[in-house]
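Novice: 3D model of this:
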Amino acid sequence: MLYLVNELKVVPGVLGACLFSVDEGVKVANMPAVFKVERLELIGGHLAKMYAAGMTTFDTIGGLCLHFDESIIVARAFTPDVLCFVVCDPAYNLNVLAMTLDGMQEEVGQCMVVGG
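Specialist: Numbers count the residues shown, from 1 in each chain. Next up, the predicted model:
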């Protein structure tokens, strides 16, 4: 699944990405060195909780987008237990990122069914 995360870095404005499992924690990450595994676990856990809270109110959520001063975090649930979050520069291309995440969602779902 590392190749999927690496594909995201080709999208203009993407700094890094992480696949996070609610049960297992960080599965795969391709983030700048300042993002240690402990920090990714914390971020992934918080995003999973926000996503779950949103799902209790809304039937379908396409994703989360959190804007900070110098970066943006875009998160999307690929399966009920696996979340992908991407750290972006404020000048990122949302349309290209969304299209790439759509394709990844199908592949990650297939990988989870196969077990790899």
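
Novice: give me the low-pLDDT residue ranges for the protein?
Specialist: The chain contains residues with pLDDT under 70 at 109-116.

Novice: residue boundaries of the helices in it?
Specialist: For the chain, the helices defined by DSSP state H cover 2-8, 37-57, 94-114.

Novice: Can you tell me which helices and strands the second one packs against?
Specialist: So that's helix 37-57. Counting contacts by 3 or more C-beta pairs under 8 Å, 6 or more residues apart in numbering; DSSP states H and E, helix 37-57 packs against strand 14-21, strand 25-30, strand 64-67, strand 72-77, strand 82-88. All C-beta spots, glycine's among them, are computed from the backbone N, C-alpha and C.

Novice: Hey, what's the angle from it to strand 82-88? Just curious.
Specialist: Angle of helix 37-57 versus strand 82-88, following axes from the mean of the first three to the mean of the last three C-alpha atoms, to 10 degrees, is 110 degrees.

Novice: now the last one
Specialist: Regarding helix 94-114 and strand 82-88, their directions subtend 150 degrees when assessed with the same axes, to 10 degrees.
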